[in-house]
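**Q** model the structure of this input:
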Amino acid sequence: MSLFSVFDVAGSGMNAQSVRLNVTASNLANAGSTSGDPNKVYRARQPVFASFGETLSNQTGISGVRLEGVIESDKPLNVMFQPDHPDADENGNVYVSNVNTVEEMVNMMSASRSYQNGVELINTSKDLLLQTLSLGR
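**A** Down below sits the predicted model:
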């Protein structure tokens, strides 16, 4: 393992948190969206990542975190009876996205802090490597 592999690991973690932030932003942007068809309404999405140990055992060397995919939530949709709503179906039901804004805000704060930790890790590692190089002077 080289001294520089820490940058690869931290970078892959930061990339994972960036994906998480983008998915969370998409969820928040579509919170409250409605449709008269339950198959067409927006459903919350969550990224799925490979665990660090799984990534290490499947590959030679250190590669960090990888995105396995983005899955849709299977939580039930919110159904409201609003026959006057333009998106209401023939029974007067309106289907509302299952995005929980409180959960999404917590996800956003967590991903943001994890990204910041990755930046700090890279900066600290860089400083330590520079100090190690200056020992030879």
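**Q** all strands for this structure, in order.
**A** Using DSSP state E, the strands of the chain run over 34-35, 45-49, 67-72, 78-81, 93-96.
**Q** quick one: contacts for Ser26?
**A** By CB atoms under 8 Å, 6 or more residues apart in numbering, the contact list for Ser26 reads Arg45. For every residue, glycine as well, the C-beta is placed using N, CA and C.
**Q** returning to that earlier point: quick one: closest of the strands of the chain to Gly136.
**A** Ranking the strands of the chain by proximity to Gly136 (CB to CB) places strand 45-49 first, at 39.1 Å.
**Q** in this structure, which residue is closest to the centre?
**A** Residue closest to the mean C-alpha point of the chain, counted by CA atoms, centre = their mean, is Arg20 at 1.5 Å.
**Q** could you dump the strands of the chain to a markdown table with mean pLDDT and distance to Leu130?
**A** Shown next, in a markdown table, are the strands of the chain (pLDDT from 0 to 100; distance: least, CB to CB, whole Å):
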| stretch | mean pLDDT | distance to Leu130 |
| --- | --- | --- |
| strand 34-35 | 91 | 55 |
| strand 45-49 | 95 | 31 |
| strand 67-72 | 94 | 32 |
| strand 78-81 | 93 | 54 |
| strand 93-96 | 94 | 53 |
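**Q** can I assume Ser114 is in contact with Val19?
**A** No. Applying CB atoms under 8 Å as the test, Ser114 and Val19 come out as separate, 11.6 Å apart.
**Q** what do those two both touch?
**A** Joint contacts of Ser114 and Val19 (CB under 8 Å, 6+ apart) do not exist.
**Q** in the longest helix seen in the chain, which residues are buried?
**A** Using DSSP state H, we find that the single longest helix of the chain is helix 101-134. Buried residues in helix 101-134, counting neighbours by 16 or more other CB atoms under 10 Å, are found at Glu104, Asn107, Met108, Ala111, Tyr115, Gly118, Leu121, Ile122, Ser125.
**Q** quick check: the third one vs Phe7, distance?
**A** As for Met108, its distance to Phe7 is 25 Å (criterion: CB to CB, to the nearest Å).
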